[in-house]
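1. Build me a model:
(one chain, ligands or ions: 1)
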Amino acid sequence: MTIDGQAVQTTGTFGVVNPATGEVAEQAPDASREQLDQAMAAAAAALPEWRRDEPARRKALQAAADLMFARSEEIGRILTLEQGKPLGDATMEVIGAGVWLKYFADLELPREVIQDDDAAFVEVVRRPMGVVAAITPWNYPLLLAIWKLAPALLAGNTMVLKPSPFTPLSSLKLGEVLREVLPPGVLNVVTGGDGLGAWMTSHDVPRKISFTGSVATGKRVAAAAAPDLKRVTLELGGNDPAILLDDADPAAVADKLFGAAFMNNGQVCSAIKRVYVPESLYGDVVEALAAKASAAKVGDGFAEGVQFGPVNNKPQYERVSELVADALAGGARAAAGGKPIDGPGYFFEPTILADISDGARIVDEEQFGPALPIVKYNDLEEAISRANGTHFGLSGSVWGTDAERASEVAARLECGTAWVNTHLALAPHQPFGGFKWSGVGVENGPWGLYGFTELQVVHRSKA
Ligand code: NAD
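-> Numbering: from 1, shown residues only. Modelled structure (predicted):
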C-alpha cells in the first residue's frame, strides 16, 4: 500500500481472482485499522503545505498525467488481470486517466468579486475541504479513482483511496507510480474488504467522502457520513433507458446502441440497460442487435481480437445468470446468447432478450452485465413514463432521424444526462451524476471540482 509516501506491507492479505480463469492470481494487502489511522494521519499532516501551493499542485497533476501515458500498457496489464477487460480497453482506461488528469491540471479555481465599493471588498473563493476518503467500484477501477483524485487534489485536498476488493491491484500500482510526483501523504492507497470502506466513512478525519458504487452501499455511506456531517458525493447505479422513436433507422443506430449497452461487457453505470422500441421497428431492431451480439468475440482479455472479457466477479456473474434465467422462465426469448459459457472463468454469452416487458426483473433492476432487454411500446407517452418510472435516474437516450423531436423527448427524461442519438458520450468537461437514487452531486467539469471545495466569503471592510 502507499501510506505517507512509503510502501507499506500488511500482515494479512486476500486473494485477487483473475475472472478469466476463476483462480486467485495475486494476493493483496489487507489493511489493519491502525494502518487506516496512519493513512488518515498522513493525509491530514500533508494538508497545510499541499493546500498552500496551487502551482505545485498543477505541476504534480501534469506529471501524474504524463506517467499515465508513459506507463499505460504496464498498468493496463494489471487491469486486465484483475478486471477482465481486453488489454486494448484496459490500456485505453489508463490513457483516459491521463486525459482526465490533464484536464483538471488546467482547470481554473474561480475567485469571484461580488462587491467592491466604499463599504467593502467581498470575494467568494473555493477552499479545500480537507482529507477526502475515496471509495471506488470494480468496473473502471483506475479511471474512476482519477475522477476523484484529480479534482480533489487540484482543489488542495489530500486523499485516502480504497479500491474495490475485486480490483485492488491497479490502484495499488497507481499509488506506487504517483509516489514519484506527489509529496508524501497527499495520496494514500489502502486495500481491504468492504469493512475497510465502512471504517473510512465513520473515521473522524475525512471531511468528504467521494463514493462510486451501488445504490445499497451508497445509502450506507450517506448514513455513516451523516452524524459527522461529512460532505458526500455519491455516484451510484443506473438503469438507463434508450427510447427509439418511430423515425429511427434500425440499421443506422444498431452499432451505437450495441456499443453503449455492451461496452466493458455491460459493466458500466450508464450503459444502456433497457431499450424501448416502437412496434413498427421492433423486429428489425431485435434482429440487428442480435446479429451483433452473436458475432461478438468473447474471451480472455489477454487474447488477440477479443471484444469482451469475462464478467468481473463470481457474485456478479451469478446475478447476471439469474436475471437472464428469470427472464427466460418468464417467457422472454433469447434472440442471442442466453447462458453462461462453459469452461473456467466468468464468461457469459452476449445476450439480447426479446418479447419482454417492464415487470421482468432484468428490465426493472440494474443487470450490470452483458444482457440487454428490448421492450416493445405502442404509445410514446407510455414509453416515456416507463423509462422514468424507476428509482434510478443516471442517464438515458432518445434516438430518431428528427433530432429536434428526439431532443424534446430527451428533455423529459428524469436523469443526469439525456443523450440524443448517442449514449455514453462522457468527457472530462461534462458534469456526470444522477437524479433520484442514482446519486448525490456530480463528478467532472468545474461542477465536479466544486464538489471538493467549500465556498468561503472573504469580506474586507473598508468603512
Ligand atoms: P459496491 O457498492 O458493492 O462497492 C463499491 C465500493 O464500496 C467497493 O470499494 C466496496 O468495497 C465499498 N464498500 C462496500 N461496503 C461498504 C460500506 N458499508 N461502506 C463503505 N464502503 C463500502 O459496488 P460495486 O459492485 O463495486 O460496483 C457496481 C455498482 O457501481 C453498480 O451499481 C454501478 O452502477 C455502480 N457504478 C456507478 C458509477 C457512477 O458513476 N454512477 C460508476 C461505476 C459504477
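
2. hmm, who's touching the host helix or strand of residue 274?
-> Secondary-structure assignment from DSSP states H and E places residue 274 in strand 272-278. For strand 272-278, the surrounding residues in contact (Cβ atoms under 8 Å, 6 or more residues apart in numbering) are 238-246, 257, 260-261, 266, 285-286, 289, 363, 366-368, 372-378, 380, 383, 386-387, 397, 423-424. For the C-beta atoms, the positions are set from N, CA and C on the backbone; glycine is no exception.

3. Can I get the buried ones among these as something I can paste into PyMOL?
-> Here is the PyMOL command that selects only those of these that count as buried (16 or more other Cβ atoms under 10 Å):
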select buried, resi 238+239+240+241+242+243+244+245+257+260+261+266+285+286+289+363+366+367+368+372+373+374+375+376+377+383+386+387+397+423+424
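
4. Could you report the distance from the residue nearest to residue 457 when sequence neighbours are not counted to residue 109?
-> Leaving aside its chain neighbours, residue 457 sits nearest to residue 124 (5.7 Å; criterion: Cβ to Cβ, 6 or more residues apart in numbering). In this view, residue 124 and residue 109 are 12 Å apart by Cβ to Cβ, to the nearest Å.

5. ok, these two, which is more surrounded?
-> Ranked by neighbour count (other Cβ atoms under 10 Å), residue 124 and residue 109 place residue 109 first, with 18 against 15.

6. The more buried one touches residue 54, doesn't it?
-> Yes: counting by Cβ atoms under 8 Å, residue 109 does reach residue 54; the two are 7.0 Å apart.

7. List, one by one, the residues from the chain near the ligand.
-> With Cβ under 6 Å from any ligand atom as the criterion, the chain comes near the ligand at residues 135-139, 144, 162, 164-165, 194, 197-198, 201, 212-214, 217, 220-221, 235-238, 269, 366, 368, 394, 434, 439.

8. Tell me which of these fall in helices.
-> Within those, residues falling in helices by DSSP state H are 144, 194, 197-198, 201, 217, 220-221.

9. Generate a PyMOL selection restricted to the buried entries among the residues you listed.
-> Selection of buried members from those for PyMOL, criterion 16+ other Cβ under 10 Å:
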select buried, resi 144+197+201+217+220+221
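
10. okay if I get the ones in helices among the residues of the chain next to the ligand as TSV plus pLDDT and distance to residue 77?
-> As requested, those are exported to TSV (pLDDT from 0 to 100; distance: Cβ to Cβ, whole Å):
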residue	pLDDT	distance to residue 77
144	98	19
194	97	26
197	98	26
198	98	31
201	98	32
217	98	29
220	98	33
221	98	31
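
11. Quick one: the ones in helices among the residues of the chain next to the ligand as a markdown table, columns for distance to residue 411 too.
-> Below are those laid out as a markdown table (distance: Cβ to Cβ, whole Å):
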| residue | distance to residue 411 |
| --- | --- |
| 144 | 28 |
| 194 | 39 |
| 197 | 37 |
| 198 | 39 |
| 201 | 36 |
| 217 | 31 |
| 220 | 33 |
| 221 | 31 |
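
12. What is the nearest of the ones in helices among the residues of the chain next to the ligand to the ligand?
-> Distance ranking of these against the ligand, using Cβ to the nearest ligand atom, places residue 197 first at 2.3 Å.

13. thinking that closest one is in contact with residue 162, fair?
-> Yes: contact criterion Cβ under 8 Å: residue 197 and residue 162 qualify, at 5.7 Å.

14. Show me whatever sits in contact with both of these two.
-> Counting by Cβ under 8 Å, 6+ apart, the residues touching both residue 197 and residue 162 are residue 135.
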